[in-house]
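Trainee: task: produce atomic coordinates for the following.
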Amino acid sequence: MEDDPEQLDQYVEDLLADRRPERTPLENDDALEARRVAAMLRAARPGATLPSREFGDRVQQAIADSVRAQGVPAVDKRPSRRSLLLTAAGGLAAGILATLGIERVTARPGSNTPLVPDVGSWQPLMALASLPEQTPVRFSHGPLEGYVIRNGRTVRALSALCTHMPCVLNWSSIRTQFECPCHGATFNQSGAATGAYEMANLPPLPPIHVRIEQDRVEIFSV
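Mentor: The predicted structure is shown next:
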């Protein structure tokens, strides 16, 4: 079954025009390869990795708002509803958040501060017993896209979005690493970039605030 040419054309046009492409199912390996080539062309353009003027203005405003709010709220406080999504660490990820309409920064770019919304509540995700040991399990909850990892009676969660481009990462059980289907970036189970992207100082995957309550895994979400 071939990929819809119009759908593929729209994906490529959005990517090259710096618009967030719509995530649609891939029908075959050719469609995946076409998207990878488009992402490589986008990343290869002169200045492609530099933030735009609009991005800079949004970051400046977010910093000013954060300062006026007396700093970043502590994780143990109930952070607020307006800022949920993945602050994929670093300047580009902050630009992604701006594109998605995030109004307030709750995690410092490039830090390991857990991603938490400004206002929300603990939401059940899955039973602890359903999680295999040391094997990332994919989840989606509202605007959150992530992986949860169990180690005995403890769990941790990481963003599932690549910190170079907003592509959802896949977990390879064979190579034991997260892999970006768009441009080939890889991350280890701790969320750190590996391979060539480690040398390029690609930001790590931000953690997501998670806990165990009565043998159930919960995340703080809206």
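Trainee: outside of the host helix or strand of Val217, which residues touch it?
Mentor: When elements are assigned from DSSP states H and E, Val217 belongs to strand 216-221. For strand 216-221, the external contacting residues (Cβ atoms under 8 Å, 6 or more residues apart in numbering) are 79, 84, 116-117, 120-128, 131, 139, 141-142, 144, 146, 148, 155, 157, 208-212. Glycine gets a C-beta too; all of them are placed from N, C-alpha and C.
Trainee: repeat for stretch 168-184
Mentor: Against stretch 168-184 from outside (Cβ under 8 Å, 6+ apart): 23, 32, 35-36, 39-40, 43, 135-136, 138, 145, 147, 160-162, 164-165, 167, 185-189, 191, 194, 205.
Trainee: if you set the cut-off to 7 Å instead, what comes out?
Mentor: Applying Cβ atoms under 7 Å, 6 or more residues apart in numbering, the contact partners of stretch 168-184 are 32, 35-36, 39-40, 43, 135-136, 145, 147, 160-162, 164-165, 167, 186-189, 194.
Trainee: picking up where we left off before, partner strands of the strand holding Val217 and their direction?
Mentor: Next to strand 216-221 in the sheet, as set by DSSP bridges, lie strand 121-127 (antiparallel), strand 210-213 (antiparallel).
Trainee: worst average pLDDT in these?
Mentor: Lowest mean pLDDT within the strands paired with strand 216-221: strand 121-127, at a mean of 89.
Trainee: least trustworthy helix or strand in this protein by mean pLDDT?
Mentor: Between all helices and strands in the chain, the lowest mean by mean pLDDT, DSSP states H and E belongs to helix 91-99, at a mean of 41.
Trainee: same question for stretch 13-26, mean pLDDT?
Mentor: Across stretch 13-26, pLDDT averages out at 69.
Trainee: kindly report the same for stretch 143-153.
Mentor: So the average pLDDT for stretch 143-153 ends up being 91.
Trainee: got the buried residues for that stretch?
Mentor: Judged by neighbour count (16 or more other Cβ atoms under 10 Å), stretch 143-153 contains these buried residues: 144-150.
Trainee: secondary structure and distance to Ile219 added to the residues you listed, as CSV?
Mentor: Converted to CSV, the buried residues of stretch 143-153 look like this (DSSP: H, G, I helix; E, B strand; the rest coil; distance: Cβ to Cβ, whole Å):
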residue, secondary structure, distance to Ile219
Leu144, strand, 7
Glu145, strand, 12
Gly146, strand, 8
Tyr147, strand, 12
Val148, strand, 8
Ile149, strand, 13
Arg150, strand, 14
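Trainee: what ranges do the strands span in this structure?
Mentor: 121-127, 137-141, 144-151, 154-159, 170-172, 177-179, 186-187, 193-194, 207-208, 210-213, 216-221 (DSSP state E).
Trainee: so which of the ones you listed gets nearest Asp14?
Mentor: When these are compared by Cβ to Cβ, strand 144-151 sits nearest Asp14, at 18.5 Å.
Trainee: C-alpha coordinates for the closest one, CSV please?
Mentor: C-alpha atoms of strand 144-151 as CSV (Å, rounded to 0.1, in the frame of the first residue of the first chain):
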residue,chain,number,x,y,z
LEU,A,144,2.1,14.5,27.3
GLU,A,145,4.0,12.0,25.1
GLY,A,146,6.4,9.9,27.1
TYR,A,147,8.0,6.7,28.2
VAL,A,148,7.8,5.2,31.7
ILE,A,149,10.5,2.9,33.1
ARG,A,150,10.3,0.6,36.1
ASN,A,151,13.1,-0.4,38.4
